[in-house]
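S.K.: Sequence first, then the predicted structure:
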Amino acid sequence: MTDQNSAIEEPQALLSRLVGFRSVSDRSNLDIADFIETHLAGLGATCIRFPSCDGQKTNLLATIGPLMPGGVVLSGHMDVVPVAGQNWTSDPFALTEHEGALFGRGTTDMKGFVAACLSVARLAAAASLQRPLHFAFSYDEEVGCVGAGPMIDYIADHLPTPACVIVGEPTGMVPVNAHKGAYDWRTVVTGLAAHSSMPRLGAHAIYAGARLITLVESIHDRLVAMPDPGSPFETPHPTLSVGIARGGSAGNIIPAEFSFEWEARTTSPGQAEAIIESFTVQAESKVLPRLQATHPLASIVSTSLFKVPPLVPEARGAAEHLALQLTGAARADAVSFCTEGGLFQQAGLSTVICGPGYVAQAHQPNEYVSLQQLASCQAFLVRLIDHLAADS
């Protein structure tokens, strides 16, 4: 029998290395992927990369144990959000310990979970696993979960079917079986420029855009007025928000173009499609005719930026059952933030969210994860390895 204590590594030292990589989403992540792959391949893991189109980023899928059905996928992302404009009291890319907490960008979201995974990989490699343990680490999660798709498709289509996926986003090590979806669009209004002293000769794109933004707000207000009494979410209805608006070139020119980006946070499948359909129908019937009255070629075009489906509770879900068993929790929770969990579930894989830290610390200056949370995660993963080593 393997001596577990000698096979388990210190997660804090691994987290220190991971935090040191400046894997902000607008940069290459190849250095952190190299480090993780070297660590896992050195333990005998089979590793596959899924690079971005420009080759500057990559997903990493690593497997320890026999390639057979019934394994477990541990999912995390390598990218972090920027630190620009935030008031940190320490270097965000150098791990700092203070009063039982580890400070640094990504400690909670979600390099703490990745470090815990790496800390038990040696134990997994030394154990006689009866079913495989897969590590699925992605890029560009922080900009709409846009990087993981090819890796998730490969897992669903080419690996012997895993029993479940555990996404290690920060939940305080409480299993989560539901989260909201996130859908973003960019709407572009094209009008016609004219001198501001003769507005009848132009088609005012900003005025049209303002009416469209008001339309987004009205759809939001309608949804607020129809909460779902059975919803597990703190905000029991979908929410809409406009985050970015741009247009115009000078104060004395009727603007020819205006654009804005807006999002919907949905509570169940199908809502996003209904929202964009309602918006499009009203935009074309109420706003576009006025714009085209002076410029027949004027247009309103909405383009999807990303789609992250909601995670929905599964009846007798294998992932939830396993997470409850490993944590000892009485029930699963629900969260309003979104994760790659919805994408795994959409691909047909039973999925649950469970990881160290709390989302209140994520994306903040002086982001931290407690040593206690990191230890709880490591213990959870040790129990998972025992589960995979047991006869099914």
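M.R.: Great, that's in hand. Numbering: from 1, shown residues only.

S.K.: Only C-alpha atoms from now on, for both contacts and neighbour counts.
M.R.: Fine.

S.K.: which residues in the stretch 1-150 of the chain form strands?
M.R.: Along the stretch 1-150 of the chain, the stretches classed as strands by DSSP state E, counting those that start in this stretch are 46-51, 58-64, 72-77, 96-98, 101-103, 133-138.

S.K.: Looking at the ones you listed, which is nearest to residue 150?
M.R.: Of all the strands of the stretch 1-150 of the chain, it is strand 46-51 that lies closest to residue 150, at 6.8 Å by C-alpha to C-alpha.

S.K.: Pull out the buried positions in that closest one.
M.R.: 46-47, 49-51 (16 or more other C-alpha atoms under 10 Å).

S.K.: if we can go back for a sec, of the strands of the stretch 1-150 of the chain, which is nearest residue 369?
M.R.: Of the strands of the stretch 1-150 of the chain, nearest to residue 369 by C-alpha to C-alpha is strand 101-103, at 5.4 Å.

S.K.: Show me what the closest one is packed up against.
M.R.: strand 96-98, strand 368-370 (3 or more C-alpha pairs under 8 Å, 6 or more residues apart in numbering; DSSP states H and E).

S.K.: which one of the buried residues of strand 46-51 sits closest to residue 345?
M.R.: Closest to residue 345, out of all of the buried residues of strand 46-51 and judged by C-alpha to C-alpha, is residue 50, at 19.7 Å.

S.K.: roughly how far apart are the closest residue to the closest one other than its chain neighbours and residue 33?
M.R.: Take residue 50 and drop its neighbours on the chain: the residue closest to it by C-alpha to C-alpha, 6 or more residues apart in numbering is residue 59, 4.9 Å away. Counting by C-alpha to C-alpha, to the nearest Å, the separation of residue 59 from residue 33 is 8 Å.

S.K.: Next up, the contacts around the residue nearest to residue 50.
M.R.: Residues near residue 59 by C-alpha atoms under 8 Å, 6 or more residues apart in numbering: 33, 49-51, 136-139, 147-148, 151.

S.K.: quick one: the helices in the stretch 101-250 of the chain?
M.R.: Here the stretch 101-250 of the chain has its helices, by DSSP state H, counting those that start in this stretch, at 112-126, 149-158, 205-224.

S.K.: and of the helices and strands packed on strand 101-103, who's closest to residue 177?
M.R.: strand 368-370 (22.1 Å).

S.K.: chain center to that closest one, what's the gap?
M.R.: Relative to the chain's own centre, strand 368-370 is displaced by 19 Å; criterion: C-alpha atoms, centre = their mean, to the nearest Å.
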